[in-house]
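Student: sequence and predicted structure are below.
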Amino acid sequence: MDSKTDKKVELLAPAGNLTKLKIAINYGADTVYGGVSHFSLRNRATKDFTLESFKEGIDYAHARGKKVYVTLNGFPFNSQLELLKKHIIEMASLNPDAFIIAAPGVVRLAKKLAPQIPIHLSTQANVLNVLDAEVFYELGVRRIVAAREISLKDCMEIKKALPDLEIEIFIHGSMCYAFSGRCLISSLQSGRVPNRGSCANDCRFDYEYYVRNPDNGVMMRLHEEEGIGTHIFNAKDLNLSSHIKEILDSGGVDALKIEGRTKSEYYAGITTRTYRRAIDDYYKGFQDTKSYERELLTLKNRGFTDGYIIKRPFEKLDTQNVETAISEGSFQVVAQVSEDGEFCLCKDKIFKDERYEVVSPSGEVKSISFPKIELENGKVVEEIHSGNINRVRLPYKLEGFSFLRKKLD
């Protein structure tokens, strides 16, 4: 059967807090994923969700025909098992659409405590082949989030062997220095354990080279022109926006996932809207890859790579950024519009009469300027800077969750 007549691929976006959840849904996500507590593998993101706000997010999504998957993909110690049991029951009571789990024991526990909630297997489980996929399928897993190192050909092989097992792959976001996130650099250097949800991103740091004389033990620094070291572990960001047609034509993938629960609201909106466009364009029979790339370049990034899904790393030289931890995008976010579209919160600098581009959930792009900068409390100012928590009244109503931005030189 022609893939364009099959069920449409699902687009998943990250939800690091309630606002990001709402933005992702309004910008076109079919599903959002997130969690509460350190079992969620993103300590920084889950601190922004309480049980109550996460329940509000699930209700918000369901009211709009969207789904929410709960991340339970940490690796628990024995001392945490009772707390984990309580947490599974608590999260199941919120009526999410699936659990995302990495450890086989936790899969079995969730099946026992919450049999009504479908189980998806986290990328942390490192599934690359039919044998491993089959084991988890027999455990009751109904979807695997494949390891980032998997190829499209291998996805097709798994789908051929297990046609009822859904396959999800990452299409955008940060790439881990280690194999599917199994890194201990952060743990060794700062005591923050990546597979416990508290990675310090040590692979993004700048490092200096030293050599040791084996005869006398003397350490000598290798001089570099820049004098600040190099980012020797720093992987570029994944970007598969140019390969959507190839991926969907394969018939081996059911869902496409964007990484980034700890990234900005602007990131959540722009990545979701861009991949929404790419997917919708595919089903209409065309692709505009230059347009997708151009929009994604407005985001802060480490440079882009197509990772492993199409080609192997040794076949290309574009997988590492040795220059910087992260680079500015082509646009600076100036302000974020409130949900009601009446106000905005400054994220950079807003000046009177200066014109800014407006990016909205519907995709309409227009511009706006402020004849006067009036705060919510009625005070009028000539300019306003980020850090000011007073909302600015918009000259006229915009779409909720829009962004104001300006092009960087």
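Tutor: It's in. None of the values given here were measured: they were computed from a predicted structure.

Student: just give me the longest helix of the protein.
Tutor: Counting residues, the longest helix in the chain under DSSP state H turns out to be helix 265-284.

Student: alpha carbons of it, as PDB, please.
Tutor: Output of helix 265-284 as PDB, limited to C-alpha atoms (Å, rounded to 0.1, in the frame of the first residue of the first chain):
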ATOM      1  CA  GLU A 265       9.500  27.900  24.700                       C
ATOM      2  CA  TYR A 266      10.600  29.400  21.400                       C
ATOM      3  CA  TYR A 267      12.500  26.100  20.600                       C
ATOM      4  CA  ALA A 268       9.300  24.100  21.500                       C
ATOM      5  CA  GLY A 269       7.200  26.200  19.100                       C
ATOM      6  CA  ILE A 270       9.600  26.500  16.200                       C
ATOM      7  CA  THR A 271      10.700  22.900  16.000                       C
ATOM      8  CA  THR A 272       7.100  21.700  16.400                       C
ATOM      9  CA  ARG A 273       5.700  24.000  13.700                       C
ATOM     10  CA  THR A 274       8.500  23.300  11.300                       C
ATOM     11  CA  TYR A 275       8.200  19.500  11.500                       C
ATOM     12  CA  ARG A 276       4.400  19.800  11.400                       C
ATOM     13  CA  ARG A 277       4.800  21.600   8.100                       C
ATOM     14  CA  ALA A 278       7.200  19.000   6.800                       C
ATOM     15  CA  ILE A 279       5.000  16.100   7.700                       C
ATOM     16  CA  ASP A 280       1.800  17.800   6.300                       C
ATOM     17  CA  ASP A 281       3.700  18.800   3.100                       C
ATOM     18  CA  TYR A 282       4.700  15.100   2.700                       C
ATOM     19  CA  TYR A 283       1.100  13.900   2.700                       C
ATOM     20  CA  LYS A 284       0.300  16.700   0.200                       C
END
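
Student: which strands and helices sit next to it?
Tutor: Counting contacts by 3 or more CB pairs under 8 Å, 6 or more residues apart in numbering; DSSP states H and E, helix 265-284 packs against strand 10-14, helix 18-26, strand 166-173, helix 244-250, strand 255-258, helix 289-296, strand 331-337, strand 403-407. For the C-beta atoms, the positions are set from N, CA and C on the backbone; glycine is no exception.

Student: and it, which residues are buried?
Tutor: Within helix 265-284, the residues that count as buried by 16 or more other CB atoms under 10 Å are 265-279, 281-282.

Student: tell me what angle that helix forms with strand 166-173.
Tutor: 130 degrees (axes from the mean of the first three to the mean of the last three CA atoms, to 10 degrees).

Student: run the chain-centre distance for helix 265-284.
Tutor: Offset of helix 265-284 from its chain centre (CA atoms, centre = their mean, to the nearest Å): 13 Å.

Student: and Lys290, what pLDDT?
Tutor: Lys290 carries a pLDDT value of 97.

Student: and it, how close does it get to Lys284?
Tutor: Taking CB to CB, to the nearest Å as the measure, Lys290 falls 17 Å from Lys284.

Student: same question, Asn377
Tutor: For Asn377 relative to Lys284 (CB to CB), the value is 47 Å.

Student: need the helix or strand of this structure with the lowest average pLDDT.
Tutor: Sorting the helices and strands of the chain by mean pLDDT, DSSP states H and E puts helix 43-46 at the bottom, at a mean of 52.

Student: other SSEs contacting the helix or strand that comes right after that helix?
Tutor: Using DSSP states H and E, the next helix or strand after helix 43-46 towards the C-terminus is helix 51-63. Secondary-structure packing of helix 51-63 (3+ CB pairs under 8 Å, 6+ apart): helix 18-26, strand 31-34, strand 67-72.

Student: helix 51-63 to helix 18-26, inter-axis angle?
Tutor: 10 degrees.

Student: just how off-centre is helix 51-63 within its chain?
Tutor: On CA atoms, centre = their mean, the centre of helix 51-63 falls 19 Å from that of its chain.

Student: pull out the buried residues from it.
Tutor: Quick answer for helix 51-63 (16+ other CB under 10 Å): 54-58, 60-61.

Student: need those in TSV (columns: distance to Val32).
Tutor: Shown next, in TSV, are those (distance: CB to CB, whole Å):
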residue	distance to Val32
Phe54	11
Lys55	14
Glu56	13
Gly57	8
Ile58	9
Tyr60	10
Ala61	6
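
Student: any chance of the residues you listed in a markdown table, plus pLDDT?
Tutor: Below are those laid out as a markdown table (pLDDT from 0 to 100):
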| residue | pLDDT |
| --- | --- |
| Phe54 | 96 |
| Lys55 | 97 |
| Glu56 | 98 |
| Gly57 | 98 |
| Ile58 | 98 |
| Tyr60 | 98 |
| Ala61 | 98 |
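
Student: which residue sits closest to Ile25, ignoring its sequence neighbours?
Tutor: Counting by CB to CB, 6 or more residues apart in numbering, Ile25 lies nearest to Lys66, which is 5.2 Å off, once chain neighbours are set aside.

Student: between the longest helix of the chain and strand 10-14, how big is the angle?
Tutor: Going by the same axes, to 10 degrees, helix 265-284 makes 170 degrees with strand 10-14.

Student: which residue, other than its chain neighbours, is closest to Gly35?
Tutor: Gly35 sits nearest to Thr71 (CB to CB, 6+ apart), 3.9 Å away.

Student: pretty sure that neighbour contacts Ser37?
Tutor: No - judged on CB atoms under 8 Å, Thr71 makes no contact with Ser37 at a distance of 9.8 Å.

Student: show me the contacts for Thr289.
Tutor: 241-242, 278 (CB atoms under 8 Å, 6 or more residues apart in numbering).

Student: any low-confidence regions in the chain?
Tutor: Residues of the chain meeting the criterion pLDDT under 70: 1-6, 38, 40-47, 180-181, 194-197, 222-229, 313-319.

Student: change it to 50
Tutor: Residues of the chain meeting the criterion pLDDT under 50: 1-5, 45.

Student: ok, and what's touching stretch 384-395?
Tutor: 335, 337-338, 341-350, 368-371, 373-377, 379.

Student: now do 7 Å
Tutor: If you take CB atoms under 7 Å, 6 or more residues apart in numbering as the criterion, stretch 384-395 is touched by 335, 338, 342-350, 368, 370-371, 373-377.
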